[in-house]
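S.K.: dropping a prediction and its sequence here:
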Amino acid sequence: MAVDPTAAPVTAAEFRALYRRLRRDRPDGALAELTPQRVAAAAREVRAGLRVSLAAPVETGEGPDNPEPAVHRMTGAVAGHLPDEGLDFARDRIAMNVHGDADSHLDALCHVVYDGTLYGGVDADTLTPHGADALSVDLLRDGIVGRGVLLDVPRLRGVPWLEPGDQVGAEELAAAEAAQGVRVGPGDLLFVRVGHRRRRAEQGPWDASAARAGLHPRAMEFLAERRVVALGSDGNNDAAPSRTEGVDYPVHVLAVHAMGVHLLDYLQFEDLVPLCGRERRWSFLCVVAPLRLLRATGSPVNPIAIL
């Protein structure tokens, strides 16, 4: 019986060879594929005028996948402290761990340190106590606007979600394309649904740092061949536990550090899926606008799909 390539472990030598094959060194990373012509073409994806968020609500409650939840504090104009007359303002403050396992966020190209460097061979010493001196999320100050494509792997398998630990390979991504009648191309934003959010909603949160569905490292060859600019998932993009020798987050290393592809982690697609099914298409205009944080390694994010 043939071995499932998504179940086979990846040795350290195999991972190094894969890293070398996929490595690209361009100042803006994969964003170079997002030409004005491709942005204009993506705008033509809008036909029904439907808008839907791909982000989950920011969570302020502690849980097994959220030990450091966001803190939301009211700082003015709250019940019991309101003036009887005249003007006042409701005010609040939010603090959060950007790279957690619960909230939707974007990873900047300075997020992954591998062999003492960042993407493009930039010295990791550019990460200082005051922030990132290179490759920060400010590279995306004009946003990522392009054609989004959603590949729904649970739909392909005929299940509500993938179980924690499952991995998705390049062949399965191609099969999802064929089943959905769509093709990922240069400059696209690829979104891969593994059903993490639905499983969490129906069965409750769990320690996603230890067990989650995601892409197999060799699936990154699919992204390289199709020349995508960003990869997003309703999970972490990486599966856990890792089956790559010596590397816990191989997809992060390959996408961010080798290829310069921005990652979007822990999105939610449960509102988008029925719209795509109703409209009978799985591509759309997508607008990703992270906060303008000059020296940050990532940002909370609320991508908008427009069909």
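M.R.: The structure has been received and is ready for your questions.
S.K.: quick one: the strands in the stretch 1-150 of the chain?
M.R.: 51-53, 71-76, 91-95, 105-107, 127-128, 131-132, 144-152 (DSSP state E, counting those that start in this stretch).
S.K.: and of these, who's closest to Gly169?
M.R.: strand 144-152 (12.2 Å; C-beta to C-beta). In this view, the C-beta of every residue, glycine as well, is placed from N, C-alpha and C.
S.K.: which of the strands of the stretch 1-150 of the chain sits closest to Ala219?
M.R.: Ala219 sits nearest to strand 144-152 of all the strands of the stretch 1-150 of the chain, at 10.7 Å, using C-beta to C-beta.
S.K.: return the set of buried residues in stretch 9-29.
M.R.: Within stretch 9-29, the residues that count as buried by 16 or more other C-beta atoms under 10 Å are Val10, Phe15, Leu18, Tyr19, Leu22, Arg23, Gly29.
S.K.: do the same with stretch 217-229
M.R.: Pro217, Arg218, Ala219, Met220, Glu221, Phe222, Leu223, Ala224, Arg226, Arg227, Val228, Val229.
S.K.: state the distance from the closest residue to Pro217 other than its chain neighbours to Leu135.
M.R.: Spatial nearest neighbour of Pro217, chain neighbours left out: Pro250 (4.1 Å); criterion: C-beta to C-beta, 6 or more residues apart in numbering. Distance, Pro250 to Leu135, by C-beta to C-beta, to the nearest Å: 20 Å.
S.K.: ok, Gly120 next?
M.R.: Distance from Gly120 to Leu135, by C-beta to C-beta: 8 Å.
S.K.: again with Val182
M.R.: 31 Å.
S.K.: residues touching Arg21, list them.
M.R.: When contacts are counted by C-beta atoms under 8 Å, 6 or more residues apart in numbering, Arg21 touches Glu221, Ala224.
S.K.: can you list which of the buried residues of stretch 217-229 are found in strands?
M.R.: Using DSSP state E, no member of the buried residues of stretch 217-229 falls in strands.
S.K.: and the residues you listed as a markdown table, adding distance to Arg51?
M.R.: Below are those laid out as a markdown table (distance: C-beta to C-beta, whole Å):
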| residue | distance to Arg51 |
| --- | --- |
| Pro217 | 34 |
| Arg218 | 35 |
| Ala219 | 29 |
| Met220 | 30 |
| Glu221 | 33 |
| Phe222 | 28 |
| Leu223 | 26 |
| Ala224 | 31 |
| Arg226 | 26 |
| Arg227 | 27 |
| Val228 | 22 |
| Val229 | 21 |
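S.K.: so which of these sit within helices?
M.R.: Met220, Glu221, Phe222, Leu223, Ala224, Arg226 (DSSP state H).
S.K.: and which of these is nearest to Arg38?
M.R.: Using C-beta to C-beta, those come closest to Arg38 at Arg226, 12.8 Å.
S.K.: how about the nearest residue to the closest one, chain neighbours excluded?
M.R.: That would be Val184: by C-beta to C-beta, 6+ apart, it lies 4.5 Å from Arg226.
S.K.: which residues touch that neighbour?
M.R.: Val149, Leu151, Leu173, Glu177, Leu190, Phe222, Arg226, Val228.
S.K.: out of the residues you listed, which is nearest to Asp265?
M.R.: Leu190 (13.7 Å).
S.K.: could you verify that that closest one is part of a strand?
M.R.: Yes. Counting by DSSP: H, G, I helix; E, B strand; the rest coil, Leu190 falls inside a strand.
S.K.: didn't it look like it was pressed against Leu231?
M.R.: Yes. Between Leu190 and Leu231 there is a contact under C-beta atoms under 8 Å: 5.3 Å.
S.K.: which neighbours do the two have in common?
M.R.: Leu223.
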